[in-house]
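**Student:** I'd like to go over a predicted model; first the sequence, then the structure.
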Amino acid sequence: MREHRLRYVAWTCARAIARGTVGAKVGNVYRTIISAELESALKKRFTSHRDYDKWHPKTVEAVIQAAKKNGMALTFGQGAKLLAIYIKTLYIIPGQRKDLLKHAHPPVDRILLMNALPKRERSNPGYLAWTHFDKKRYNDAFKKVEFKCCIGERWTIEKFWHPHQKNTV
């Protein structure tokens with residue numbers, strides 16, 4: 001069962017980061033997930049947003065380094081999305097980890113940013129280009145989205161992710 005879950009999560013992650021990511025093949029993503037040791041990293045239980053935010057950049061950097069060894073060059077934004085999709089697929093959707101539901105970052109991408117950022121920022125393509133985000137730009141965008149809508153559980157931010165509508169906020 002574990003192997004099937006890992007294959008499925010590798011596929012979901014590869015699809016999520018495929019745009020603009022050289023080498024984002026399922027096999028490369030699978031090997032990245034294994035070599036970044038995400039399963040072990042997520043044995044940690046989070047007690048606060050601050051606790052998660054301290055863990056998150058180190059884990060994204062581990063993903064980026066593992067990806068590099070597996071034929072992919074990821075930006076911080078792409079690494080963060082891979083991690084978020086991994087968490088969403090294995091823990092959030094099955095409802096297995098309340099701590100992650102409350103503290104983890106949901107996937108940040110153009111659709112979410114387009115619907116959640118203030119109008120003046122979403123009219124600037126640079127504010128939406130999550131595939132080019134470095135750590136600072138990712139954190140700035142996430143904090144703006146979180147400030148706008150998040151009270152308590154961070155996954156409530158996903159209410160802005162609705163691809164069938166654009167600019168609805």
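**Tutor:** It's in.

**Student:** Next, report how far the longest helix along the chain is displaced from the centre of its chain.
**Tutor:** Scanning the chain for the helix with the most residues, using DSSP state H, yields helix 49-69. Taking the mean of its C-alpha atoms, helix 49-69 sits 10 Å from the chain's own mean (C-alpha atoms, centre = their mean, to the nearest Å).

**Student:** same check, this time on stretch 29-40
**Tutor:** Taking the mean of its C-alpha atoms, stretch 29-40 sits 15 Å from the chain's own mean (C-alpha atoms, centre = their mean).

**Student:** what is the mean pLDDT for that stretch?
**Tutor:** Computed over stretch 29-40, the mean pLDDT rounds to 97.

**Student:** Can I get that stretch in CSV, CA atoms only?
**Tutor:** Taking Å, rounded to 0.1, in the frame of the first residue of the first chain, the C-alpha atoms of stretch 29-40 are listed here in CSV:
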residue,chain,number,x,y,z
VAL,A,29,9.7,13.5,-8.6
TYR,A,30,9.4,10.0,-7.0
ARG,A,31,13.1,9.8,-6.4
THR,A,32,13.1,13.4,-5.1
ILE,A,33,10.4,12.6,-2.6
ILE,A,34,12.4,9.5,-1.4
SER,A,35,15.8,11.3,-1.2
ALA,A,36,14.4,14.4,0.5
GLU,A,37,13.1,12.0,3.1
LEU,A,38,9.7,13.7,3.3
GLU,A,39,8.0,10.7,5.0
SER,A,40,10.5,11.0,7.9
